[in-house]
Every structure is written in C-alpha cells, then in structure tokens.
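Engineer: how would this look folded up:
(one chain, ligands or ions: 2)
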Amino acid sequence: MLGKALSKVIYGLFPTLCQNCGRPLQEEECLFCHNCLFKLPIAKSYCRRCGSLLSESLLDFFDPHTLNYCSHCERENLPYERVFIGFLYREPIKSLIHRAKFREDFILAYQLGKLLKKLSPVNVKDYDYVLPIPLSLKREQERGYNQSLLLLWGLMGFHLPKKILWRIRHTRPQSELSGKERKENVKNVFECREDLSGKKILLVDDIMTTGATLKEASKVLKKKGAKEVHLLVLARA
Ligand SMILES: [Zn+2]
Ligand SMILES: [Zn+2]
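Structural biologist: Ligands and ions are numbered 1, 2, ... in the order given. Below is the predicted model of the structure:
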C-alpha cells in the first residue's frame, strides 16, 4: 500500500514526459511512452545462462528461450544459473544510467527499476532473497545511496532487503579497469554471514560488463549453500 502511495507521489512530483519524444506520460508508463519503449535497445540476443551477447547469426543455432549453453559458458564454471538482461548499454539508456549513478538522480534510479520490471520475465516471488549488489560503506556515503537498491525498489516496492551480502573492502570503480584488472579488483570483496542452504537468490545490479562483480558475489552466496543464484541486470555492456 505504502509503495503504491509513494509511486503516486513520485508520479505527481517528478518529470512525466517521455524521455524520447517528450509526450506527457500516462500514469502506468515510466520514463518512456509505450511507442518509444519498444524503440529502446532492449536486450534480446543473449545467452540466458551466462549473459554473453550473441550475434544475430549465432542466434540461428541458439534458442535463447531454452537453457542451452552458448560457446562462452561451455568453457566456464559459472557460479550462477540464469541471467536476465533488460537493455543493451546503449543510448538513451546509457545516459540515464549515468545520471542515476553519478549525478545524484536517485529518483531516476528508482524509475529505471520500474522500467526494468516492465521488460523482465522475472517473478520476484520465486526467490527466497532478492538482493542488490552492495557498495562499500565509503562509496555509499560518497554517493548517498546504492543505485542497485533503488532499482530493486522500482522492481518490487519499497522495503529493506535483509542484509545478507556485504562489501567488506573499498575498491577502485570497475569502469576504470581492464578486464583482467576487474577480476583482481573484486576478489574477496564480498562477505556473507548467513547460512543459505537450499535458498534461491536473485542478485540485482545496474550494469554487467565483464560480469566479474556479479560472479564474485554469486560465488560467495554459493559457498554459503545457495541452491541457485540468478542475475537481473538493467543493462549489458
Ligand atoms: Zn515517447
Ligand atoms: Zn552462455
């Protein structure tokens, strides 16, 4: 109830024009009008098992609706079972994520979560825990909020998810690093103090690039007994 009331307040207070064509939005629309929503770079051609982007030509041999492994994930021992991606990390989504993350536009981060909900086949009720990728205390204090938590609120309403996953070390932003450095940078950065035996978990994050952060977080959850870890990301770079 509170979530619905707050959504109404936010709808009343904040920009209600389509980010693409400028038309006033209907109450059930979010950021983009219905026409423009389907012109966005919605992620379709990707492996649902590992999240690798696939070329259209590869798609002829790969059914994205089944859980077949693509050639990338066949080579790897992945700590998660499924990946759901909203968008490709392209304009206009790219600029919106940038604003939500670096320009203190936390309402936008919430709205992006609502937008993701429109596209995503995920039912949050299928999971024992839905968790945002945590930030280090230092980064969260600098930014003032965790954009992944705001995404999660957009997805499933305002609530405080149980603190299960901790980021115990402050690291350099992944965006400043190369692929190999990213892996090193997030090594042993997460901690989980909860027994997760048999639990099904959904991890939510804004951008997946090499997937190093999500992989490291999933690994920690698996070590604590999680039965399945699924990833839901707003955009894939
Ligand atoms: Zn529009
Ligand atoms: Zn794959």
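Engineer: low-confidence stretches in the protein?
Structural biologist: 1-15, 56-68 (pLDDT under 70).
Engineer: what parts of it come near ligand 1?
Structural biologist: Counting by C-beta under 5 Å from the ion, the residues of the chain close to ligand 1 are 18, 20, 21, 33, 36. To be clear about C-beta, it is placed using only N, CA and C from the backbone, and glycine gets the same treatment.
Engineer: so which of those are in helices?
Structural biologist: residue 36 (DSSP state H).
Engineer: intersect the residues of the chain next to ligand 1 with the contacts of ligand 2.
Structural biologist: Among these, ligand 2 is touched by none when using C-beta under 5 Å from the ion.
Engineer: buried ones in the longest helix belonging to the chain?
Structural biologist: In the chain, taking DSSP H as the definition, the longest helix is helix 106-119. Across helix 106-119, burial judged by 16 or more other C-beta atoms under 10 Å covers 106, 108, 109, 110, 111, 112, 113, 114, 115, 116, 117, 119.
Engineer: a markdown table for the residues of the chain next to ligand 1, including neighbour count?
Structural biologist: Listed next are the residues of the chain next to ligand 1 as a markdown table, based on neighbours: other C-beta atoms under 10 Å:
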| residue | neighbour count |
| --- | --- |
| 18 | 20 |
| 20 | 15 |
| 21 | 11 |
| 33 | 18 |
| 36 | 18 |
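Engineer: what sits up against stretch 182-196?
Structural biologist: Residues from elsewhere that reach stretch 182-196 (C-beta atoms under 8 Å, 6 or more residues apart in numbering): 129, 134, 162, 164-169, 171-172, 174, 177, 209-210, 212-213, 216-217, 220-221, 223-226.
Engineer: can you rerun that using 7 Å?
Structural biologist: Here stretch 182-196 makes contact (C-beta atoms under 7 Å, 6 or more residues apart in numbering) with 164-169, 171-172, 174, 177, 210, 212-213, 216-217, 220-221, 224-226.
Engineer: now swap in stretch 70-78 and tell me
Structural biologist: For stretch 70-78, the external contacting residues (C-beta under 7 Å, 6+ apart) are 47, 49, 50, 52, 54, 62.
Engineer: before we move on, the earlier item: which among the residues of the chain next to ligand 1 gets closest to ligand 2?
Structural biologist: residue 36 (30.3 Å; C-beta to the ion).
Engineer: surely the closest one touches residue 20?
Structural biologist: Yes. The pair residue 36 and residue 20 passes the contact test of C-beta atoms under 7 Å, sitting 3.9 Å apart.
Engineer: follow-up on the earlier one: so which of the contacts of stretch 182-196 are in helices?
Structural biologist: Checked against DSSP H, the contacts of stretch 182-196 include these in helices: 212, 213, 216, 217, 220, 221.
Engineer: chain neighbours aside, what residue packs nearest to residue 151?
Structural biologist: Nearest non-adjacent residue to residue 151, counting by C-beta to C-beta, 6 or more residues apart in numbering: residue 113, 3.8 Å away.
Engineer: try residue 199
Structural biologist: Nearest to residue 199 is residue 128, by C-beta to C-beta, 6+ apart, at 4.2 Å.
Engineer: so what's the residue count around that neighbour?
Structural biologist: Residues lying near residue 128 (other C-beta atoms under 10 Å) number 15.
Engineer: how about the helices of this structure, start to end?
Structural biologist: 2-13, 34-37, 56-59, 71-74, 93-102, 106-119, 137-143, 147-156, 179-185, 212-223.
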